[in-house]
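Q: Predicted model, plus sequence, below.
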Protein chains: 2
Amino acid sequence: MNLHANSDIKAFFEPGAIAVVGSMREWGGLGYTAIKNMRQFNFTGRVYPVNPSYEEILGLRVYPDVGAVDDPIDLAIVITPKQTVPGIIDQCAHKGTKAAIIVSDGFAETGETGAGLQRQLVEISHRSGLRILGPNTIGTLNTENGLVTNPYFISYDKIHKGNIAYCSQSGIVGAQGQPLKDEAYPISKMCDLGNKCDVNEVDLLNYLSHDPQTSVIAMHIEDVKDGHKFIDTVRKVAARKPVLILKPGRTERGAKASASHTGSLAGSERIYDAAFRQAGAIRLNTWREFWEIPRVFVNQPLPQGNRIGIITFTGGVGVVSVDTAEECGLTIADFSPATVSRLSKLSLQLARNPVDLGPLIPVSDNPLPVLEETIAAVLDDSNVDCVAVTLYASSGAETPIYMDILGRLMKNVTKPVSFWIYGTDLAAMEELSRQVQERGLPAYFDIELTIKSLAVAADYSRVKSSLNSGLIDISPGAKQTQP
Amino acid sequence: MNLHANSDIKAFFEPGAIAVVGSMREWGGLGYTAIKNMRQFNFTGRVYPVNPSYEEILGLRVYPDVGAVDDPIDLAIVITPKQTVPGIIDQCAHKGTKAAIIVSDGFAETGETGAGLQRQLVEISHRSGLRILGPNTIGTLNTENGLVTNPYFISYDKIHKGNIAYCSQSGIVGAQGQPLKDEAYPISKMCDLGNKCDVNEVDLLNYLSHDPQTSVIAMHIEDVKDGHKFIDTVRKVAARKPVLILKPGRTERGAKASASHTGSLAGSERIYDAAFRQAGAIRLNTWREFWEIPRVFVNQPLPQGNRIGIITFTGGVGVVSVDTAEECGLTIADFSPATVSRLSKLSLQLARNPVDLGPLIPVSDNPLPVLEETIAAVLDDSNVDCVAVTLYASSGAETPIYMDILGRLMKNVTKPVSFWIYGTDLAAMEELSRQVQERGLPAYFDIELTIKSLAVAADYSRVKSSLNSGLIDISPGAKQTQP
């Protein structure tokens, strides 16, 4: 693998012309659905359906084989029975196609017969220079040009354009597996690596590292093909952009389950953990973290240290915040005398971290100016590197007032802020969350995620400056290990 | 504390007559709002407003003081400036009031002056037998009689009746701090212990232990007043009902933050952990777990062991499920030969745990009967103690079909099931979740919560049988410790 230029990866995300090889049966054929999906998301390139049994679908001429298309093909999407795939890939190679996404499954993940077929694909790729993503993948997605290679029904028509790249070794990280529209994840690219017979995490990282639309990379991987190369690559990429990794298969049984669905063998958890740390990647622990934590990097400066200021409406959650912060490696900031004096003017009780506005709010006629001055004071404190802010949603009437406050406060902010939203009305909470996120600010319903997002930002800030100064923390013994 | 009969605690939840002492200013007065809230939730008892400056509110006569009410008062709710509270409590005691909830704050949590006032309250309680909840509490809630003592605005009018009791040391666990209606938590009772000057977690556990509406107790506590008594009580209660505990203040700074908002000092994390384990309580780790995990106990049998069967639509999440299960103390069940043969009839790929329906679903014309037979086969396997099931929501059209399947399968089930819901349409996911939960079954959007809920059920099953056979695991050294 990696015999070819990294620039080839571009064809998987920015193809001018695509051939789709698969069933063109209306309503249900996977080739047909893939083309429907591309239409729905306004793909800007040219699309050529390929199937010997059809003449026209969706107003497009259908070609009997890839060779018959009278346009150079950048990307072929192959969704046919596994036995037919090597022949089709061979045709693509002859045609000079740059890249192929093989959606079909039944290859190395299912046993020796499938593994044999997969070896044929690798052989064609090595011989011809055709790059292959998959097999057993739903492929790629690019919000810049409306590319979505997914051949399954997607029940929505819009994905929020943004700068998070989500990469996975599972089809669940895709438009048919996530409420991408409803959750408004700000996405640049998505990619399912599948069985990784050719293109793997290293190729993808190299491409995303130079992708101007991507400023943070979230990766779900179950194994790494070449440990040394991976570490070198992450190290280079992490000096520019955060690389956040969710790596299941931590337990022995988990690793076994991983082998049975991707056809690859996961290495020991201890070795992976050391290697990730050595490379400057930041580990995430849950699916929720994988989707939500990257939001902290979307539109905010990095913190200059790990001292957190916490503004809460409830002492009980204040305690949870402090626990979580300390457990994630943050430090509870000691407010400067100037901040203590500024907060004391509002109320003596407020002049400590976490600032608990709880007792004040029910007895104040207009608590929102107090909230604004509190956030401003904590943001201004030079002893504070990042701030967690609570917003309470009840009727929804408070939302425009909150947004006014944020509009004034967040203009020239030099520190990251993360919001925790709670309240009594789920619809009001969701609307407030949406509006906060539309400003590029992270908002969560889980206090632990709010705090953790800032801890991850602080971690990455430290990693980035270490990598850029050439001084990365290397845990003892990690250097020799190879995943 | 605990000088009085536990039966006194009843007055906090099942009062016939309530006096509300506080501001009766329309729209905003806390006494007024408390009474409005009780109306809104259809409280079935009698309510007497008390305030010397008003004659009538909401069609009710207002009394100048508690003594003037010509009806025995079971429960007084006191929401007045802290200096006035001891005098009012004294009047309540003279009147023979059984119980008082002191919402007012500014007591032991704020320093020596407040602590002095709090000591006066304790003195009156000891002298008269009047039981006090608080101060610094939002009080109690009972879905059986519509009692809600909360004096803050609540933007909804209905709380789902059920059998989870939520107890807390923070006002956030209440109707003004949670979307209780929208999330349809099946609630029996709620209680905020506040500063715990008299009534504490032991009293509450004793009451809830015998409450027929409560079958699972979720407690958020930051400290324990009497460690030995607490352990003895939890041990007795846990032999009947699960006691789930979220205990923040785990870190040194967290414990310090706790002291500053409840006026009590948290003990060492290590000691608490040992004590909880010794007592048979089960620890939860996050706010989300505190709210969501109890649902697994609502309407289901306990598992007879810790062997989990997992049904997934995606191999990637299958691996995450296995990791989470193993890390929570569950074991991945080895299917019996009968199950392997039954699943093999559907597809050879399905005959392993986790069962991954993913590759089958897109190529099957009607995958739902396959899902039904798969769930049935796994539920029937005598090597399986509990089952995690994935449901995928896209258009919402699948919801009635899922509900039909569950209706057929869940009739005579002897094992707990927990659902993970994912999909492309948030509204469809939420509707499916609501319908699954209306059947008393737990449904989550986080796969980790789905698995963890079953792990907690298995933990409790083991604890319960140990406690009932007199053989509880006691970790070495834990017996001598005292929180």
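A: That came in fine, so what should we check first?
Q: C-alpha from now on. contacts and neighbour counts both.
A: Fine.
Q: remind me, longest helix of chain A?
A: If you go by DSSP state H, chain A has its longest helix at helix A:447-469.
Q: Assign a three-state SS to the closest residue to A:Met24 other than its chain neighbours, would you?
A: Counting by Cα to Cα, 6 or more residues apart in numbering or on different chains, A:Tyr32 is the residue found nearest to A:Met24 once chain neighbours are left out, at 4.5 Å. Secondary structure for A:Tyr32, judged by DSSP: H, G, I helix; E, B strand; the rest coil, is helix.
Q: Would you agree A:Tyr32 is in contact with A:Val21?
A: No: using Cα atoms under 8 Å, A:Tyr32 is not in contact with A:Val21, being 9.3 Å away.
Q: higher neighbour count, these two?
A: Between A:Tyr32 and A:Val21, counted using other Cα atoms under 10 Å in any protein chain shown, A:Val21 has the larger neighbour count: 28 against 23.
Q: neighbouring contacts of the helix or strand containing the more buried one?
A: Secondary structure from DSSP states H and E places A:Val21 in strand A:17-22. Around strand A:17-22, the neighbours that count as contacts under Cα atoms under 8 Å, 6 or more residues apart in numbering or on different chains are A:29-32, A:34-35, A:45-51, A:66, A:71-80.
Q: hmm, try it at 7 Å
A: For strand A:17-22, contacts defined as Cα atoms under 7 Å, 6 or more residues apart in numbering or on different chains pick out A:30-31, A:45-51, A:66, A:73-80.
Q: swap in stretch A:122-140?
A: Stretch A:122-140 is contacted from outside by A:4, A:12-13, A:90, A:93, A:97-105, A:148-150, A:171, A:190-199, using Cα under 7 Å, 6+ apart.
Q: Within range of chain B, give me the residues from chain A.
A: By Cα under 7 Å from any Cα of the partner chain, the residues of chain A that approach chain B are A:155, A:170, A:172, A:176-180, A:182, A:248-251, A:253-254, A:257-258, A:261, A:288, A:314-316, A:319-320, A:322-323, A:326, A:394-395, A:423-426, A:446.
Q: Filter these down to the buried ones and hand me the ChimeraX line.
A: ChimeraX command restricting these to the buried ones, with burial defined by 16 or more other Cα atoms under 10 Å in any protein chain shown:
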select /A:155,170,172,176,177,178,179,180,182,248,249,250,251,253,254,257,258,261,314,315,316,319,320,322,323,326,394,395,423,424,425,426,446
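Q: now, which of the residues of chain A next to chain B lie within strands?
A: Those of the residues of chain A next to chain B mapping onto strands are A:Gly423, per DSSP state E.
Q: which ones among the residues of chain A next to chain B are found in helices?
A: Judged by DSSP H, those include A:180, A:182, A:253-254, A:257-258, A:261, A:288, A:315-316, A:319-320, A:322-323, A:326, A:426 as members of helices.
Q: Which entry within those corresponds to the minimum pLDDT?
A: When those are compared by pLDDT, A:His261 scores lowest at 67.
Q: Contacts only, for the residue lying closest to A:Thr251 once chain neighbours are set aside.
A: Among residues not flanking A:Thr251 along the chain, B:Asp323 sits closest, at 5.4 Å (Cα to Cα, 6+ apart). Residues in contact with B:Asp323 (Cα under 7 Å, 6+ apart) are A:Pro248, A:Gly249, A:Arg250, A:Thr251, A:Gly254.
Q: which two in these are spaced the farthest apart?
A: In terms of Cα to Cα, the contacts of B:Asp323 reach their longest pairwise distance at A:Pro248 and A:Thr251, which sit 8.1 Å apart.
Q: So A:Ala100 sits against A:Ala76, correct?
A: Yes: between A:Ala100 and A:Ala76 there is a contact under Cα atoms under 7 Å: 4.5 Å.
Q: Following the record's annotation, map out the domains of chain A.
A: For chain A, automatic domain parsing gives the domain ranges A:6-295, A:301-467.
Q: In JSON lines: the ones you listed, plus distance to B:Ala218.
A: Output for the domains of chain A, formatted as JSON lines (distance: least, Cα to Cα, whole Å):
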{"stretch": "domain A:6-295", "distance to B:Ala218": "23"}
{"stretch": "domain A:301-467", "distance to B:Ala218": "15"}
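Q: Can you get me a residue count around A:Cys145?
A: Actually, residue A:145 is Asn. It isn't Cys. By the criterion of other Cα under 10 Å, A:Asn145 has 17 neighbours.
Q: Next: A:Arg270.
A: Neighbours around A:Arg270, by other Cα under 10 Å: 12.
Q: gap between it and chain B?
A: To chain B, A:Arg270 is 14 Å away according to Cα to the nearest Cα, to the nearest Å.
Q: quick one, phi psi at that residue?
A: Per-residue torsions, A:Arg270: phi -60, psi -40 (degrees, to the nearest 10).
Q: likewise A:Gly111?
A: When quoted as degrees, to the nearest 10, the phi and psi of A:Gly111 stand at phi 130, psi -170.
Q: what's the answer for A:Leu284, then?
A: phi -110, psi 160.
Q: Just grab the bridge partners of it for me.
A: Applying DSSP bridges to A:Leu284 gives these bridge partners: A:Leu246.
Q: Could you check the pLDDT of it?
A: Confidence at A:Leu284, expressed as pLDDT, is 96.
Q: per-residue confidence for A:Lys256?
A: For A:Lys256, the pLDDT comes out at 84.
Q: Tell me which entries of the contacts of stretch A:122-140 lie within strands.
A: Reading strands off the contacts of stretch A:122-140 with DSSP E, I get A:Ala99, A:Ala100, A:Ile101, A:Ile102, A:Val148, A:Met190, A:Cys191, A:Asp192.
Q: Can you tell me which of those residues has the most neighbours?
A: Busiest of those [other Cα under 10 Å] is A:Asp192, holding 30 neighbours.
Q: so who does it touch?
A: Contact analysis of A:Asp192 by Cα under 7 Å, 6+ apart lists A:Thr137, A:Ile138, A:Gly139, A:Thr140, A:Cys167, A:Ser168, A:Gln169, A:Ser170, A:Gly171, A:Val173.
Q: list the buried ones in the helix or strand A:His126 falls within?
A: Using DSSP H and E, A:His126 falls within helix A:112-128. Buried residues in helix A:112-128, counted by 16+ other Cα under 10 Å: A:Gly114, A:Ala115, A:Leu117, A:Gln118, A:Gln120, A:Leu121, A:Val122, A:Ile124, A:Ser125, A:His126, A:Ser128.
Q: With pLDDT as extra columns, can I get those in a markdown table?
A: What follows is the buried residues of helix A:112-128, written out as a markdown table (pLDDT from 0 to 100):
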| residue | pLDDT |
| --- | --- |
| A:Gly114 | 95 |
| A:Ala115 | 96 |
| A:Leu117 | 97 |
| A:Gln118 | 97 |
| A:Gln120 | 98 |
| A:Leu121 | 98 |
| A:Val122 | 97 |
| A:Ile124 | 97 |
| A:Ser125 | 96 |
| A:His126 | 95 |
| A:Ser128 | 95 |
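Q: Show me which of those residues is closest to chain B.
A: Relative to chain B, the closest of the buried residues of helix A:112-128 is A:Gly114; by Cα to the nearest Cα it sits at 13.4 Å.
Q: Which residue comes closest to the closest one once chain neighbours are left out?
A: Closest residue in space to A:Gly114, ignoring its immediate chain neighbours: A:Phe107 at 3.6 Å, by Cα to Cα, 6+ apart.
Q: And A:Ser53, by the same measure?
A: Computed as Cα to Cα, 6+ apart, the closest residue to A:Ser53 that is not its neighbour in sequence is A:Pro64, at 7.3 Å.
Q: For B:Val436, see how far away the one you found is.
A: 48 Å (Cα to Cα, to the nearest Å).
Q: before we move on, what about A:Glu269?
A: Using Cα to Cα, we find A:Glu269 at a distance of 36 Å from B:Val436.
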